[in-house]
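S.K.: Kindly return the folded structure for what I paste below:
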Amino acid sequence: MKLMAKTRNIGISAHIDSGKTTLTERVLFYTRRIHKIEEVKGGGAGATMDFMELEREKGITITSAATTVTWGGAFGNGITYSEGDGKEIKINIIDTPGHVDFTVEVERSLRVLDGAVLVLCGVAGVQSQSITVDRQMKRYHVPRVAFINKLDRMGANAYKAAASLRDKLGLNAVLTQIPIGAEDAFSGIIDLITMQAFYFDGDNGEQVRIEAIPAKLKDAAAEYREIMLDAISEYDDPMMEALLEGQEISEEVIHRAIYKGVNNLKLVPVFIGSAFKNKGVQLLLDAVARYIPSPLTRIKPQANDNRSNTKIDLIPDKTLPMVAMAFKITDDPFGQLTYTRIYQGTLTKGDTLFNTRTGKKVRVGRIVRMHADDRENIDSAYAGDIIAMIGVDCASGDTFVGDDNVSHISCEGMFVPIPVIELSVKCKDKDNLAKMSKGLTRFVKEDPTFHVYTDEESGETRIAGMGELHLEIYIERLRREYKAEVEVGAPQVNYRETITKEAKFDYLHKKQTGGSGQFAHVIGRVRMLSDENREKSDQIFRFHNKVRGGSIPTEFIGSCQKGFEDIMGKGPLAAFPLVDIEVFLEDGRSHDVDSSDMAFRIAARMALRQAVKEAGPKLLEPLMKVEVETPDEYQGFVIGDLSSRRGMIQGSENNEESGLTVITAYVPLSAMFGYSTDLRSGTAGKATYTMEFSKYAPCPSDVEEKVKKARAEKVAAGFRD
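M.R.: All right, here's what the predicted structure looks like:
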């Protein structure tokens with residue numbers, strides 16, 4: 001228990017280019033995990049956590065990486081934390097990608113973590129991917145602290161960035177520090193809890209110097225301390241009473257109130273600094289140790305009890321039967337590397353585990369603790385730990401248990417977004433085809449947002465993913481890691497189909513063949529899944545059994561549902577998958593002899609196929625949220641260009657200090673191919689953009705006709721081939 005109380009499992013997440021990996025590099029240095037700082041884009045060896053060759057070439061994080069560090073206080077001194085004795089806190093860290101194309105890496109990391117650091121750029125504040133990360137943290141109830149980075153940059157403003165957390169994300173974000181100086185004059189930090197000034201000396205900021213608050217900043221520090229105390233006292237009644245009585249509030253009471261607010265998911269304390277300039281990172285580590293919960297005190301993770309169809313709490317106790325979740329898998333020269341979070345019990349090298357999804361038993365031959373792409377062999381791990389198993393065959397999201405008594409338990413899965421773009425891939429010869437197939441099989445196993453399938457009409461192998469960069473990375477990995485010479489087709493949009501009105505169905509399937517016949521009668525209606533239901537359930541199909549009086553026997557209801565689901569794969573307009581449909585099965589008839597599972601499945605298929613045609617089918621296209629950061633003088637060009645791409649401009653935000661304008665728009669994905677080249681050309685290479693999937697929206701009629709025509713031509717070509 002004591003070991004778990006001194007453990008923190010955190011993720012470092014943010015919008016792309018906010019400095020997550022740079023921050024993680026400093027964390028590794030100050031905790032003595034590494035002895036030399038490398039930069040993300042420094043021309044050297046590259047940041048420790050960006051260990052893939054492609055990551056170092058492109059200067060971005062592509063895959064999440066894990067490491068473990070120990071921290072014993074800002075200056076190596078023992079500090080009393082809310083949990084543990086403070087002498088040495090173990091922190092398991094996952095550095096996640098910022099680019100939206102790799103958002104599943106963030107998703108699966110946050111699924112297994114106990115807390116997070118949300119990093120913001122001090123100039124831009126909350127950006128588009130910050131919103132996505134915030135949504136993911138809320139989805140998995142992850143407590144977090146915020147770190148406003150890059151305060152040394154021109155236009156940086158800690159106060160505005162903190163305000164954007166409140167205004168754009170609706171978080172109760174409270175500054176616990178304020179800067180000394182601004183932009184290139186940023187020299188230190190005033191801590192509002194201790195009311196001291198902190199400076200970071202030495203070649204790498206490793207020498208923390210504490211002094212009195214500069215006279216010219218005393219009033220500002222007192223003002224923001226009052227704001228902080230007022231905000232956090234809401235989470236500690238004795239503190240609120242003491243404030244009302246005008247009593248002095250001790251540091252211990254402040255820490256206790258912040259800890260409560262963070263762990264209730266109602267407070268986000270904000271810390272500041274510049275990772276690149278080596279300022280503020282040690283104080284952030286103290287905050288992680290003080291305010292992020294341990295596995296013992298976090299909100300209890302839940303698992304599904306498949307016998308009773310209920311949810312149960314997993315208890316972080318190393319003496320209970322072992323329950324663990326495989327949340328990420330990668331290839332390894334010695335076999336599959338499976339990143340695993342242990343929720344309950346103890347895992348020991350040589351144990352035999354039961355995979356509750358496959359029903360198979362596997363032996364754990366080797367357990368390692370990860371440090372980027374390096375690994376340290378360990379003999380055992382306990383509840384609350386994040387480790388990796390080598391040579392265990394499984395899929396991402398599988399649950400492992402160590403006792404037959406808990407074989408009915410499975411950990412809750414994670415949200416996986418829908419792929420929105422696809423490419424055709426082919427090889428010149430069989431040798432390259434075998435290499436490509438091997439690589440694609442591995443990538444599908446590793447990444448739940450990466451899909452591979454064979455187009456039925458054309459016979460092409462197609463890959464689908466979250467964006468152009470996502471697929472580009474996998475194509476490049478095929479060439480580098482598998483030496484597969486791959487030819488790539490033009491990118492294609494993953495359209496969807498839906499219905500626009502309610503329609504009824506009444507279908508009788510009756511067939512007599514001489515022996516036992518087939519008889520099934522289904523009656524009901526179909527309608528579009530409402531926005532409210534869709535947001536709450538993240539479902540694209542919902543089935544409602546409204547049959548009363550046994551007109552359709554219970555044993556055939558499941559067959560009806562399967563029949564309805566069969567039709568969801570191909571819509572009537574252009575054979576794209578159907579989405580956002582709910583079916584109500586209300587009545588029907590059966591025959592004592594001729595009714596069967598197959599008969600009702602066929603009847604359901606035919607009934608829904610007919611109903612969808614009468615329900616106003618409509619083609620949907622993926623709509624992307626595009627955020628462009630451009631110098632003011634190119635604002636007109638950017639807005640005009642986005643509008644020409646059928647973009648709906650949502651607004652623009654000007655930062656007077658930096659001279660940059662951020663323009664937000666919703667643009668169809670089909671109009672965004674080649675946008676990066678056009679944007680660079682039109683802004684002299686000075687503008688940047690990010691793009692993420694927002695939702696599916698109805699196509700204009702002219703676009704729908706073009707897509708239907710192209711699809712028909714493709715089908716015809718497939719038949720000719």
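
S.K.: Can you name the helix or strand that the residue nearest the centre of the chain falls in?
M.R.: Residue closest to the average C-alpha location in the chain (CA atoms, centre = their mean): Glu107, at 2.5 Å. Element membership for Glu107 (DSSP states H and E) is helix 103-112.

S.K.: again with Val707
M.R.: helix 701-720.

S.K.: what is the rounded mean pLDDT of that helix?
M.R.: Averaging pLDDT along helix 701-720 gives 73.

S.K.: quick revisit: which neighbouring elements make contact with the helix holding Glu107?
M.R.: Packing partners of helix 103-112 (3 or more CB pairs under 8 Å, 6 or more residues apart in numbering; DSSP states H and E): strand 7-14, helix 128-139, strand 323-330. (C-beta placed from N, C-alpha, C; glycine too.)

S.K.: What's the local residue count around the nearest residue to Gly280 once chain neighbours are set aside?
M.R.: What sits nearest to Gly280 in space, not counting adjacent residues and going by CB to CB, 6 or more residues apart in numbering, is Gly273, at 2.0 Å. For Gly273, the neighbour count with other CB atoms under 10 Å is 32.

S.K.: Quick one: residues contacting Gly273.
M.R.: Contacts for Gly273 were tallied using CB atoms under 8 Å, 6 or more residues apart in numbering; they are 147-149, 151, 189, 279-281, 283-284.

S.K.: Which ones among these map onto helices?
M.R.: 281, 283-284 (DSSP state H).

S.K.: ok, the residues you listed vs Gly11, which is closest?
M.R.: Relative to Gly11, the closest of those is Leu284; by CB to CB it sits at 13.9 Å.

S.K.: Does that closest one touch Phe147 like I think?
M.R.: Yes. Between Leu284 and Phe147 a contact is recorded at 5.5 Å, counting by CB atoms under 8 Å.

S.K.: what is in contact with the two at once?
M.R.: Contacts common to Leu284 and Phe147, judged by CB under 8 Å, 6+ apart, are 23, 117, 271, 273.

S.K.: For those residues, give me CSV that also has distance to Gly647, pLDDT and secondary structure.
M.R.: Output for the shared contacts of Leu284 and Phe147, formatted as CSV (distance: CB to CB, whole Å; pLDDT from 0 to 100; DSSP: H, G, I helix; E, B strand; the rest coil):
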residue, distance to Gly647, pLDDT, secondary structure
Leu23, 33, 91, helix
Val117, 33, 93, strand
Phe271, 37, 97, strand
Gly273, 36, 95, coil
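
S.K.: SS state for Leu347?
M.R.: strand (DSSP: H, G, I helix; E, B strand; the rest coil).

S.K.: Now Ile232: closest residue in space that isn't a chain neighbour?
M.R.: In space, Ile232 is closest to Ala257, 4.4 Å off (CB to CB, 6+ apart).

S.K.: How about the contacts made by that neighbour?
M.R.: Counted by CB under 8 Å, 6+ apart, Ala257 has contacts 232-233, 235-236, 239.

S.K.: Next one: it relative to Glu248, how far apart?
M.R.: 15 Å (CB to CB, to the nearest Å).

S.K.: ditto for Leu110
M.R.: Distance, Leu110 to Glu248, using CB to CB: 39 Å.

S.K.: out of the two, which sits in the busier spot?
M.R.: Neighbours around Leu110 and Glu248, counted as other CB under 10 Å, are more numerous at Leu110. The numbers are 26 against 7.
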